[in-house]
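Undergrad: Dropping the sequence and predicted coords here.
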Amino acid sequence: MPLSFHNSLRLCVSAAVFCALSAAAEPVDWIWSARYVITMDARRRVIDDGAIAVRGERIVAVAPQAEIDRRYTAVQRLDRPDALIAPGLINAHTHAPMSLLRGLADDVSLQDWLRKFIFPAEARNVTPDFVRWGTRLACLEMLLSGTTTFTDMYYFEDTVAEETRRAGLRGVLGETIIGFPAPDAKTPEKALRFAERYVQRFRNDPLILPAVAPHALYTNSEQTLKSSRALADRYGVPLLIHVAETRHERDDAIAQWSKSPVQLLDSWGVLSGRTLAAHAVWIDDRDIATLKARATGVAHCPSSNMMLASGVAPVVKMLAAGLNVGLGTDGPAGSNNDLDLVQEIALAAKLQKVSTGDPRSLTAMQALGMATMGGARALGLDKEIGSLEPGKRADAITMRLDVPNAVPIYDIVAQLVYALKGADVRDAMVNGRLLLRDRRALTLDQPAILAKAAEYGAKVRASLAR
C-alpha cells in the first residue's frame, strides 16, 4: 500500500480525533494561560503552567493549561508563558480624587497636613469636575499597577462611582460625612441626605458597592456617627471610617471620654454592622477583641502610617486574633504619594518584621493574602473576589517574569511580594472584561488624563497662592 495512503489515513484519523475533542470542549469567552497561576484559594495553590477559563463575568475553571485546553475552547486567548496570573489586587482604603493633590504638602504631621493644607485646598478646588478627573487619574494608576477593586472615601462620590464604572474597575465607594462645610454638603445633615440618594442610585450596580463614610471620630459628633450607622444599616451597605490612626486621636478620646476610639465607637453602636476601619494603628488587645467580636474589617496602610509617622499597626496580633485585614494605599497625597498596592504588599511584610524583631512575623504569603482574600473578607466580598476559583468574578492580572528583577525564580509568591513591582503588571481583567492589555489601558484615555492633571495642578497651586 502506498506510503501516501498511510499518511492520508493518519491525517484523517487525527482530524477526526481533533474534531471529536473540539466538539466535546465547552465554549468559554476567555482562556488565560501563564507560567504560574497564583490562586490564593483556601489551599493557596500555585499551578505551574496553569490557566483560567472565563465565561461571562465569572471564572469557570482554574487548572493546568493542558487540562483547560482539553476541556474548553475559547473565543479569545491570552497566553503569557513568561508571566504569572494572580487575582486582581484589592486596595482597601484610599481617597482617589486626591490624586490631583499629589505632592501638595509632604513631611508634615497628619493634623497640620489636613488643617493647613488639604482642607483649604479642597475647599477652594473640589468640584464634580475635579473629582471626575482625579478619579480617572487614580483609576489609570491603579489599573496599571494591578488594582482591580478599590475602597474610596471622598466627596461627590456619585461622580467617583460614575468614573469607576466607566473605567470598568470595581469599587466600594463611600460618600464622606464630616462635621464642617464640605465641597458637596455644608452640614452633616445635608451630607447624610446626599449619601442616601447616592446609595439608592448605585446599590444594585454590578461594579459599585456604595457605602456611607463618616470621616472619623474627631471630625463628627456622636449623633452624626449614629445616623451614619443607621443609614448604612437601612440599605445593607458598609460603613467606612478612619479609626485610631494616630496617638493624638487615641489620647484625645481617652481624655474626653475615658475610652479608646474603638471602645467609644462600639459603645455608640457604630461598629455594630458591616464596617471597615481604616488604619487601626493605636489599638490594644481589648480593642482587637472588640473588632473581632463585631466582625469589623481593618484596612492596614503601611506607607501612610510610615510617611505621617502615625505608628506601626499591630498587624501580627490582628491576624493571630482572626481579624480580616486588608491593605490600603490611603490617599495619593501627603499620606502616600502613589496608589501602587504591589509596593504596599512588600512594605506590610517588612514593617512587621522590623517592628517585631522577627523576620518570620509576616510571611510573603500572608502579605499577599492581605491584598487579595484579606481585603475581600474585610469588605464582605470574599464569596465574589479575592481569589481565582470557579464561580468567582473574573478579576485577574498578569505580571511579567521576563524582566531583570524577576529572575531567577525560586519561590514565585516571595518573588511577587519582594521583587516584582507595580510596573510589571501587564494585563488586567475585571468582571470578565479586559481593561489592560500589554500595559495599554483600554477604557481610559491616558494622554487626556495626564494633560488634565497638569492643568488642575496649576489651578490648585494658584488657589493656594491667594
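TA: Received it, and whenever you're ready, just let me know what you need.
Undergrad: what about the helices in the stretch 151-300 of the chain?
TA: Applying DSSP state H, counting those that start in this stretch to the stretch 151-300 of the chain gives helices spanning 157-167, 188-202, 222-235, 247-257, 261-267, 285-293.
Undergrad: mind listing what's buried in the last one?
TA: When neighbours are counted by 16 or more other C-beta atoms under 10 Å, the buried residues of helix 285-293 are found to be 287-288, 290-291. Using the backbone N, CA and C atoms, a C-beta is placed for each residue, glycine as well.
Undergrad: got it, and the fourth one?
TA: By neighbour count on 16+ other C-beta under 10 Å, the buried set for helix 247-257 is 249-250, 253.
Undergrad: Could you do the first one as well?
TA: In terms of neighbour count (16+ other C-beta under 10 Å), helix 157-167 has its buried residues at 157-165, 167.
Undergrad: list the helices and strands that helix packs on?
TA: Here helix 157-167 touches helix 128-144, strand 147-154, strand 170-177, helix 188-202, strand 208-214, going by 3 or more C-beta pairs under 8 Å, 6 or more residues apart in numbering; DSSP states H and E.
Undergrad: Quick one: the ones you listed as JSON lines, columns for mean neighbour count too.
TA: Shown next, in JSON lines, are the helices and strands packed on helix 157-167 (neighbours: other C-beta atoms under 10 Å):
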{"stretch": "helix 128-144", "mean neighbour count": "24"}
{"stretch": "strand 147-154", "mean neighbour count": "28"}
{"stretch": "strand 170-177", "mean neighbour count": "28"}
{"stretch": "helix 188-202", "mean neighbour count": "19"}
{"stretch": "strand 208-214", "mean neighbour count": "28"}
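Undergrad: So for residue 359, which of those sits nearest?
TA: Nearest to residue 359 among those is strand 147-154 (27.4 Å), distances taken as C-beta to C-beta.
Undergrad: Which strand or helix spans residue 121?
TA: Assessed by DSSP states H and E, residue 121 sits inside helix 119-125.
Undergrad: now what about that helix, what contacts it?
TA: 100-101, 104, 155, 181-183, 456, 459-460, 463-464, 466 (C-beta atoms under 8 Å, 6 or more residues apart in numbering).
Undergrad: Check these for burial and list the buried ones.
TA: Neighbour-count burial (16+ other C-beta under 10 Å) applied to those gives 100-101, 104, 155, 182-183, 456, 460.
Undergrad: among those, which one has the lowest pLDDT?
TA: Taking these together, the minimum pLDDT is found at residue 104 (86).
Undergrad: residue contacts, that residue?
TA: 117-118, 121, 333-334, 460, 464 are the contacts of residue 104 under C-beta under 8 Å, 6+ apart.
Undergrad: Please report which of the residues you listed has the highest neighbour count.
TA: Neighbour tally across the contacts of residue 104 (other C-beta atoms under 10 Å): the maximum, 25 neighbours, falls on residue 334.
Undergrad: Can you check the pLDDT for residue 323?
TA: pLDDT, residue 323: 98.
Undergrad: Next, count neighbours for it.
TA: Residue 323 has 23 neighbours, counted by other C-beta under 10 Å.
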